[in-house]
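Trainee: coords please:
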Amino acid sequence: MSTTQTHAKFSYDAHARTCAPDDFLRQTRRTVHDEPMSDAQLRMIMEAIHNGLQLQPDDVLIELACGNGLLSVQLFDACRGYLGTDISDYLISVAKKHFERLPNHRFEVRGGIECITQESQPERFTRALCYAGFQYFGDQDISHILTMLYRRFTRLERIFIGNLPDRARITDFFTHRMPGEDELSDPGTALGAWRTREAFAQLADAAGWQTVFSIMPPEFYASHYRYDVTLTRQG
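Mentor: Modelled structure (predicted):
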């Protein structure tokens, strides 16, 4: 007997195309109650990213699921080089038009696994970032990405992964209904896959990374159901 999934799938590319060309916050769903995030909320995000990455002037940063580059460009002055990748050709076209700074800070259309496995000069990168994007990878893909980052990107010292939905706190978000297991585990929904810290730590540990978890300040709109994680090499 076949079953039909009732939870909706989501595409950032399709969503972004419905927004105004210069509505950068709505394009990447940086919204609170459907309104663009305030400057205070964005500052908290950037502070968390800076604290996690601890960028130095000679660092070269690679970012997965960079979206339209609105957050990324705020890191350019803190690092020598940057490569932002995203599977959405539309969002990358926006990033190239408005935020790219060639030759050292650039954007490319590439999926996460493609980027990590096919990068021709992985040894040049010292930092990696994925903010509000890692939940859209399944467990197998995450294991592969983290393993390849450890093995191929030999000079990579720190990875910051932000805004992950916490499986242990689903009742703090879903107050009117409780989604099923298939929805919570599906990386293709609007919220992506929900994982406990323990589950994420197991994936990271198996790939060679140690984890330090953190949460945003209480005034951050999603601090009650999301967490961030910084990865460093074991040993």
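Trainee: all helices for this structure, in order.
Mentor: 12-17, 24-27, 39-53, 89-98, 112-118, 139-152, 170-173, 181-184, 197-207 (DSSP state H).
Trainee: packing partners of the last one?
Mentor: What that stands for is helix 197-207. helix 139-152, strand 209-214, strand 226-233 (3 or more C-beta pairs under 8 Å, 6 or more residues apart in numbering; DSSP states H and E). C-beta: built from backbone N, CA, C; applies to glycine.
Trainee: re the thing from before, could you dump the helices of the chain to CSV with distance to P217, mean neighbour count and mean pLDDT?
Mentor: Converted to CSV, the helices of the chain look like this (distance: least, C-beta to C-beta, whole Å; neighbours: other C-beta atoms under 10 Å; pLDDT from 0 to 100):
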stretch, distance to P217, mean neighbour count, mean pLDDT
helix 12-17, 26, 16, 96
helix 24-27, 20, 20, 97
helix 39-53, 6, 16, 98
helix 89-98, 28, 18, 98
helix 112-118, 28, 18, 95
helix 139-152, 27, 18, 98
helix 170-173, 16, 13, 96
helix 181-184, 26, 14, 96
helix 197-207, 18, 16, 98
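Trainee: in a markdown table, list these along with distance to R124.
Mentor: A markdown table is the format used below for these (distance: least, C-beta to C-beta, whole Å):
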| stretch | distance to R124 |
| --- | --- |
| helix 12-17 | 28 |
| helix 24-27 | 28 |
| helix 39-53 | 16 |
| helix 89-98 | 20 |
| helix 112-118 | 14 |
| helix 139-152 | 11 |
| helix 170-173 | 39 |
| helix 181-184 | 37 |
| helix 197-207 | 20 |
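Trainee: Y221: which of those helices is closest?
Mentor: Among the helices of the chain, the nearest to Y221 by C-beta to C-beta is helix 39-53 (6.2 Å).
Trainee: pull the residues that contact the closest one.
Mentor: 30, 32, 59, 61, 71, 74-75, 78, 127, 129, 131, 158, 160, 162-163, 214, 216-217, 219-221, 228, 230 (C-beta atoms under 8 Å, 6 or more residues apart in numbering).
Trainee: and the angle for that helix with strand 209-214?
Mentor: 150 degrees (axes from the mean of the first three to the mean of the last three C-alpha atoms, to 10 degrees).
Trainee: quick one: helix 39-53 to strand 226-233, angle?
Mentor: Going by the same axes, to 10 degrees, helix 39-53 makes 20 degrees with strand 226-233.
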